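Peer 1: I would like to see how this sequence folds:
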Amino acid sequence: MTKGERIRLLREKIGLSQVSMADRIHVSKQTLYKYENDIITNIPSDKVEAIAEVTGSSPAYIMGWDDIPSYPNIHPVSTGRLPMLGSVACGEPIFMAEEFEFQQDVTENIKADFVLRCKGDSMINARINDGDIVFVRKQESVENGEIAVVAIDDEATLKRFYKYNEMIILRAENPAYKDLVFTPEDHKQVRILGKAIKFQGEIK
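Peer 2: Coordinates of the predicted model:
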């Protein structure tokens, strides 16, 4: 049984119309229709919880976790949401507007503060490709060699960070790109936004 079928059966069991159910979980009737017909399969976690509350069920049942056989190495995945802060360059730095575009669903075991979408190919040897999502923990410093999101004036880039003899070096994971080098006089241009702790991308 699919998530959509479970939602429809739960709604019918308590005698609610699609309109009434949609009102209670604060979505449109069209959105609920898409949930029930599995047109939308990535249902936001807050809506899953709302459906469970209205129908007297549980998020685990709606998501199908109760139907998973009991294997010791398979566990249900809890999800949460993180703000997405625009895009970050995996190549030449790009303009950074510090505005949250939308929320990104993530598993709760990822201890990040925000996410970014990558553009470019400068980090491909770290297996980070154009379009991948990078999860970032907000912090103002990183260790040498760690991958960081770095603001350069009003631009942002994703690079390995190094500091030697007061020189800051931002290094790509692609030999086609030269190091970005900053002298002590240039340090005020550079600001670490956070450490990249994980990424997700499509299987290619």
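Peer 1: if I pick Glu140, what's in contact with it?
Peer 2: Shown in contact with Glu140 (C-beta atoms under 8 Å, 6 or more residues apart in numbering): Arg191, Ile192. (Each C-beta comes from the backbone N, C-alpha and C, glycine too.)
Peer 1: And it, how close does it get to Asp154?
Peer 2: Note on Glu140: its distance to Asp154, by C-beta to C-beta, to the nearest Å, is 18 Å.
Peer 1: Show me the shaky parts of the protein.
Peer 2: Applying pLDDT under 70 to the chain flags residues 65-110, 201-204.
Peer 1: Spell out which residues make up each domain of it.
Peer 2: Annotated domains of the chain cover 3-67, 79-200 [automatic domain parsing].
Peer 1: Show me what Ile147 is bridged to.
Peer 2: Arg160 (DSSP bridges).
Peer 1: hang on, it packs against Arg127?
Peer 2: No - using C-beta atoms under 8 Å as the test, Ile147 is too far from Arg127 to be in contact (11.1 Å).
Peer 1: of those two, who's got more company?
Peer 2: The neighbour count for Ile147 versus Arg127, taken as other C-beta atoms under 10 Å, is higher for Ile147 (21 against 10).
Peer 1: how far away is that one from Lys29?
Peer 2: 45 Å.
Peer 1: what do you get for Glu185?
Peer 2: Applying C-beta to C-beta, the value for Glu185 to Lys29 is 61 Å.
Peer 1: neighbour count winner among the two?
Peer 2: Lys29 (14 against 8).
Peer 1: Give me the distance between that one and Ser20.
Peer 2: Plainly put, Lys29 is 10 Å away from Ser20 if you go by C-beta to C-beta.
Peer 1: Spell out the residue ranges of the strands in the chain.
Peer 2: 79-89, 94-95, 102-107, 114-119, 133-138, 147-152, 155-164, 167-171, 180-182, 190-200 (DSSP state E).
Peer 1: For the fifth one, list every residue counted as buried.
Peer 2: Same thing as strand 133-138. Buried residues in strand 133-138, defined by neighbour count with 16 or more other C-beta atoms under 10 Å: Ile133, Val134, Phe135, Val136, Arg137.
Peer 1: from the residues you listed, which is closest to Tyr33?
Peer 2: Taking C-beta to C-beta as the measure, Tyr33 sits nearest to Ile133 out of the buried residues of strand 133-138, at 28.5 Å.
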